[in-house]
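Asks: Sequence unavailable; structure follows:
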Ligand code: GRF
């Protein structure tokens, strides 16, 4: 059974699909704790499923590095097989990425390497493209630049706003995330090999 710590910042809808998937006894992964950089709204999903939460706010620390160490300590308590960044809106310091790598994955609401960064959906709308997408990647020390585990195109429709496009992308993002976790748990995807390729 693959154990997961999921880090969020917002509503946690991606987290929720992992919690729901794990209700199936056959699903080979379990969320064992949920962390955030704030008192995230998405904690309510964890609470509903009886999963412990922890919060480590950057503003409580003198530096990003000190914050990263504290976050890492909280994650280490759970000894997870995999850490999933799912709508976690803070850049992790390099020491944290190195400590967790390659067992650290992220979801992104664009078809990487297109539109990396915090505003992937807005950037796609502003660029006027007719398709964007969703990606699941291994986290490295760049911004959304790690090896791609899975990705899928999503059409940008006439009249789409950032909100409407993001809603459709998130549907695909959730499916890709569950499938990626399944593939990692089953050994169909080897994160170490992917990171060395
Ligand atoms: C996802 O699209 C994620 O990739 C992005 O923020 C969204 C998180 O949504 N960076 P939620 O918190 O899982 O609902």
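Replies: Alright, I've got the coordinates. Just so it is clear, the structure is predicted and the values come from calculations on it, not from any experiment.
Asks: drop to CA atoms for contacts and neighbour counts, all remaining ones
Replies: Fine.
Asks: which parts of this protein sit against the ligand?
Replies: Contact residues (Cα under 6 Å from any ligand atom) of the chain with the ligand: 10, 11, 12, 13, 14, 15, 86, 87, 107, 108, 109, 170.
Asks: Tabulate those in JSON lines, adding columns for neighbour count and distance to residue 191.
Replies: Shown next, in JSON lines, are the residues of the chain next to the ligand (neighbours: other Cα atoms under 10 Å; distance: Cα to Cα, whole Å):
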{"residue": "10", "neighbour count": "18", "distance to residue 191": "26"}
{"residue": "11", "neighbour count": "16", "distance to residue 191": "27"}
{"residue": "12", "neighbour count": "22", "distance to residue 191": "24"}
{"residue": "13", "neighbour count": "17", "distance to residue 191": "24"}
{"residue": "14", "neighbour count": "22", "distance to residue 191": "20"}
{"residue": "15", "neighbour count": "27", "distance to residue 191": "20"}
{"residue": "86", "neighbour count": "25", "distance to residue 191": "17"}
{"residue": "87", "neighbour count": "22", "distance to residue 191": "20"}
{"residue": "107", "neighbour count": "27", "distance to residue 191": "15"}
{"residue": "108", "neighbour count": "26", "distance to residue 191": "17"}
{"residue": "109", "neighbour count": "30", "distance to residue 191": "21"}
{"residue": "170", "neighbour count": "20", "distance to residue 191": "23"}
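Asks: Which stretches in this protein count as strands?
Replies: Taking DSSP state E, the strands of the chain run over residues 2-8, 29-36, 53-55, 82-85, 104-108, 131-138, 148-155.
Asks: Output the contacting helices and strands for the first one.
Replies: Helices and strands touching strand 2-8, as assessed by 3 or more Cα pairs under 8 Å, 6 or more residues apart in numbering; DSSP states H and E, comprise strand 29-36, strand 82-85.
Asks: Kindly report the domain assignment for the protein.
Replies: 1-100, 107-197 (automatic domain parsing).
Asks: Can you convert these into JSON lines and add a column each for mean pLDDT?
Replies: Putting the domains of the chain into JSON lines (pLDDT from 0 to 100) gives the following:
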{"stretch": "domain 1-100", "mean pLDDT": "97"}
{"stretch": "domain 107-197", "mean pLDDT": "96"}
